[in-house]
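A.B. asks: Quick one: sequence and predicted model below, then my questions.
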Amino acid sequence: MPVIICLGAFDGYHRGHFSLFENARNLAEKLHTDWRIVTFTPHPRFVLGGLTARLFTESEKALLRQCFGLPEPFEIQFTREFADTEPDDFLNDLAQKFPLEGIVVGQQFRFGRKRSGDSAFLTDYCKQHHIRLQLVPQQMMPDGTMISSTRVRDMVQAGSVEHAAELLGYPYFITAPVRHGEQRGRSMGYPTANFIPDGRKLIPGEGVYAGALYHEGVWHPAAVSVGRNPTFLVEGSLRIEAHVIDFCGNLYGCTPMLVFLKRLRLMNRYSGTSELVKQLALDCGQSRRVFNGRPDVPMIFKRLPAVL
């Protein structure tokens, strides 16, 4: 059956990508055919340089596809040798795999040797091969902000998770295994789940966040710390620790979803445990209020499996 392909390098999915998918889906419905996402793995910028951390892991992108009803992508292995492929050779090869009825792509997307596969090339190629082409304009927020993966990464790294969520269309999150820590939080009455994310996963900037944790089909409010434990002068890499409010279960060995809703404050060094405990109580109160003010979160992720 002829197919509509939506072509792009998708490091997760944001509002701009959803616009592409909607165009591809609508075109497929109009032509009574199927549509597919065609993408590259790893992300081209991992291979060619310029990218060291990804927004979402492969398993997280699979969860997003489930939540938003997206088809399984056709992934093309990206290497330095593949980067030198001429754009017409790439499309000819793709046409051997799929009978191309149409191509949907962002107007600014480039592919092929020296990024020569631009909108002008696609227009000529599709005209010659009788393929329908939709070039989707760059998507913008109402305030004029350009929607792009680069912009989302910048917001996440800056700790501006609320702004990142506006660009994504949903809150930023991680799924990662929970491991044992030093048990300091437990000794203060605030036990924490210590998340160990994928080494290439983009971590929000240091600070304390109001968050939400999804585990076994239930959402819980959480106060989340991203930092290096300055009060205890602990050296090392960034740690992600979440106190799941009013939760009494065991998360060790599990891989729950941890959602970042709002950064409450930057990391501070406190004079002692008693001062830190007072601040933790304030953080938990704020986190609960933020969580209660976001009843849309369970609806956004309503198609999540009961067990991650």
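C.D. replies: Right, received. Where do you want to start? Residues are numbered from 1 along each chain as shown.
A.B. asks: contacts, neighbours, all on C-alpha from now
C.D. replies: Noted.
A.B. asks: Measure how buried V178 is and give me the count.
C.D. replies: Using other Cα atoms under 10 Å, V178 has 22 other residues around it.
A.B. asks: Isn't it up against N250?
C.D. replies: No: under the criterion of Cα atoms under 8 Å, V178 makes no contact with N250, lying 9.8 Å away.
A.B. asks: Just the pLDDT for D246.
C.D. replies: Reading off the confidence values, D246 has pLDDT 89.
A.B. asks: if I look at it, how far off is L282?
C.D. replies: 15 Å (Cα to Cα, to the nearest Å).
A.B. asks: Between the two, point out the one with more neighbours.
C.D. replies: L282 (12 against 9).
A.B. asks: Which positions in the one helix or strand the more buried one maps to come out as buried?
C.D. replies: For L282, the host element (DSSP states H and E) is helix 273-292. Residues of helix 273-292 classed as buried by neighbour count (16 or more other Cα atoms under 10 Å): L276, V277, L280, D283, C284, G285, Q286, S287, R288, V290, F291.
A.B. asks: Check which helices and strands that helix sits against.
C.D. replies: Counting by 3 or more Cα pairs under 8 Å, 6 or more residues apart in numbering; DSSP states H and E, the packing neighbours recorded for helix 273-292 are strand 207-215, strand 218-227, strand 257-265.
A.B. asks: For the helix or strand hosting T39, C-alpha coordinates in PDB please.
C.D. replies: For T39, the element it lies in under DSSP H and E is strand 34-41. What follows is strand 34-41, C-alpha atoms only, in PDB (Å, rounded to 0.1, in the frame of the first residue of the first chain):
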ATOM      1  CA  ASP A  34      -1.200   4.800   5.900                       C
ATOM      2  CA  TRP A  35       1.500   7.100   7.300                       C
ATOM      3  CA  ARG A  36       4.900   6.400   8.900                       C
ATOM      4  CA  ILE A  37       7.500   8.300  10.900                       C
ATOM      5  CA  VAL A  38      10.900   8.000   9.300                       C
ATOM      6  CA  THR A  39      13.800   9.100  11.500                       C
ATOM      7  CA  PHE A  40      17.500   8.400  12.300                       C
ATOM      8  CA  THR A  41      19.300   6.600  15.100                       C
END
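A.B. asks: Could you list the low-pLDDT ranges of the protein?
C.D. replies: 181-189, 229-237 (pLDDT under 70).
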